[in-house]
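> Model the following, please.
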Amino acid sequence: MIIDNLDDYIVRHIDPEDDYLHRLYRDTQLRLSYGQMASGHVQGRLLKMLTQMIRPRLAVELGTFSGYSALCIAEGLTEDALLHTFEIYDEQEDFTRPWLEGSDYAERIRLHIGDALQLIPKMGLTDIDMAFIDADKRHYVEFYEMLLPRMRPGGYILADNTLWYGHVLETDTRESDLQTWGIKRFNDLLAQDQRVEKVIVPVRDGLTLIRKK
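Residues are numbered from 1 along each chain as shown. I've put the predicted structure just below:
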């Protein structure tokens, strides 16, 4: 067995993704623009395990995309738990909803199309145990400030892409790259925020684990 790099090594030494997730990931790459946004095998297995560790009864996800991460979170949920996942782009629904509804975890997932910044307050969601932020990088601070008061003490927020392929090291990004600027603004806020504990895990392009005190 020849292993060319560490990514291959990791994939060969962790739990495999099941056939349904494998087919979803492949379909995402074939049919959707920016297919690389899907969480993929390694991060998917991490999301499942973190969910099993946290044991949320109520979870939310901001940024459904093709549904890969939602299915991994739902796989880690107990049967009486629920995931609300929010996707702002309505044109995504025709692809994503059938994959979610055709899965073994369909009863644990509610897909909402629209702006989570508006929908979550209107829905009155509170006492959230776990949240996964993987939406518009320009609005990470707004997502975080909207979610944090709705999290139960001891609840976890997982924020994806927080190293942003190394672009967080760049300077003077506000005018040229609003997404990088949004991630840097979020990271800087978290670094000083005494309401939470936090650690950045260098998986893919960064996953920040945040625990509300």
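> list the buried ones in the longest strand belonging to the chain?
Selection of the longest strand in the chain by residue count, based on DSSP state E, yields strand 151-160. Within strand 151-160, the residues that qualify as buried are 151, 155-160, counting by 16 or more other C-beta atoms under 10 Å. Where C-beta positions appear, they are placed from N, C-alpha and C, glycine not excepted.
> What of stretch 60-70?
Under 16+ other C-beta under 10 Å, the buried positions of stretch 60-70 are 60-70.
> again with stretch 44-62
Using 16+ other C-beta under 10 Å, the residues of stretch 44-62 that count as buried are 44-48, 50-51, 54, 56, 58-62.
> If you average the pLDDT over that stretch, what comes out?
Taken as a whole, stretch 44-62 has an average pLDDT of 98.
> before we move on, what about stretch 79-90?
Confidence over stretch 79-90, taken as the mean pLDDT, stands at 97.
> Renumber starting at 16 from here on
That works, and once the first residue is 16, the last one we named lands at stretch 94-105.
> contacts for it?
Where contact means C-beta atoms under 8 Å, 6 or more residues apart in numbering, the residues beyond stretch 94-105 that reach it are 70-80, 82, 85, 88-89, 92, 108, 111, 115, 123-131, 134-135, 138, 140, 150-151.
> what does stretch 206-220 contact?
Contact with stretch 206-220 is made by 55, 57-58, 61, 163, 172, 175-181, 202, 205, 221-228, as judged by C-beta under 8 Å, 6+ apart.
> just to revisit the earlier point, with pLDDT as extra columns, can I get the buried residues of strand 166-175 in CSV?
Conversion of these to CSV gives the following (pLDDT from 0 to 100):
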residue, pLDDT
M166, 98
G170, 98
Y171, 98
I172, 98
L173, 98
A174, 98
D175, 97
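> ends of stretch 64-78, how far apart?
Stretch 64-78 has an end-to-end distance of 20 Å (C-alpha to C-alpha, to the nearest Å).
> scratch that, stretch 117-132
Counting by C-alpha to C-alpha, you get 28 Å between the two ends of stretch 117-132.
> How far does that stretch sit from its chain's centre?
Taking C-alpha atoms, centre = their mean, to the nearest Å, one finds the center of stretch 117-132 at 13 Å from the center of the full chain.
> Kindly report the same for stretch 126-141.
The chain centroid and the centroid of stretch 126-141 are separated by 16 Å, computed with C-alpha atoms, centre = their mean.
> what ranges do the helices span in this protein?
For the chain, applying DSSP state H gives helices covering 21-27, 34-46, 55-69, 83-91, 108-116, 131-138, 155-162, 193-207.
> packing partners for the second one?
When you say that, I think you mean helix 34-46. The criterion is 3 or more C-beta pairs under 8 Å, 6 or more residues apart in numbering; DSSP states H and E, and the helices and strands that helix 34-46 contacts are helix 55-69, helix 83-91, helix 108-116.
> Can you show me the CA trace of it as CSV?
What follows is helix 34-46 as a C-alpha-only set of coordinates in CSV (Å, rounded to 0.1, in the frame of the first residue of the first chain):
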residue,chain,number,x,y,z
ASP,A,34,-21.8,4.9,0.6
TYR,A,35,-24.6,7.5,0.9
LEU,A,36,-22.2,10.2,1.9
HIS,A,37,-19.7,9.1,-0.7
ARG,A,38,-22.4,9.4,-3.4
LEU,A,39,-23.5,12.8,-2.1
TYR,A,40,-20.0,14.1,-2.1
ARG,A,41,-19.4,12.9,-5.6
ASP,A,42,-22.7,14.4,-6.9
THR,A,43,-21.8,17.6,-5.2
GLN,A,44,-18.5,17.8,-7.1
LEU,A,45,-20.2,16.9,-10.4
ARG,A,46,-23.3,19.1,-10.3
